[in-house]
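Asks: Predicted coordinates and the sequence they were generated for:
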Amino acid sequence: MNHIGAPLRKDTEIAEAVANFLAWHVWVPDTVKATVENGCITLTGSVTWEFERKSAEDYVKYLSGVTGIHNEIVIKPNVQPREVKDVVASALKRDAELDAKHIEVSAEASKVTLSGTARSWSERKEAGSATWRAPGVTEVQNDVTVSVSS
């Protein structure tokens, strides 16, 4: 993932840049840490939401000298596992882009599985995105199928 024509940077320089980027990024909590070895960044720590985990990776992957990223950040929800299914089902019902009555939600601890049918690929994708936005979700399996009626 090295930028073409970009000079190689020392790991210490990359680590300093990563630390600065993460410190200033409002969507990445200070629980996220990074180490650099041979230009490869390893992100560790814990976050509450998937978007925080993804933001940390997205924010540093294009830094000069970065050759790869290992995202080992763990999602530690602040919602009890038994509440996850109800929270996700409610989130899907509130989402204006979804016809939630055709999507079933099951949860095992903080892993959510979606099944049923969607009217389009974008509706299927939105169901997955809405699920990730629900508190307490650490994994999403989107088994929703697309059924286009004629």
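Replies: That came in fine, so what should we check first? Numbers count the residues shown, from 1 in each chain.
Asks: Give me the domain ranges for the chain.
Replies: Domain segmentation of the chain under automatic domain parsing yields 11-75, 81-146.
Asks: what's the span of the shortest one, first residue to last?
Replies: Length of domain 11-75, first residue to last, CA to CA, to the nearest Å: 27 Å.
Asks: now swap in stretch 60-76 and tell me
Replies: Start-to-end, stretch 60-76 (CA to CA) is 22 Å.
Asks: now His70: how far from Thr12?
Replies: Separation of His70 from Thr12 (CB to CB, to the nearest Å): 18 Å. For every residue, glycine as well, the C-beta is placed using N, CA and C.
Asks: So for those two, which sits in the more crowded spot?
Replies: Taking other CB atoms under 10 Å, His70 and Thr12 do not tie; His70 has more neighbours (14 against 9).
Asks: Quick check: bridge partners of the more buried one?
Replies: Thr42 (DSSP bridges).
Asks: is it true that Leu63 touches Ala15?
Replies: No: the criterion here is CB atoms under 8 Å, and Leu63 misses it with Ala15 at 10.2 Å.
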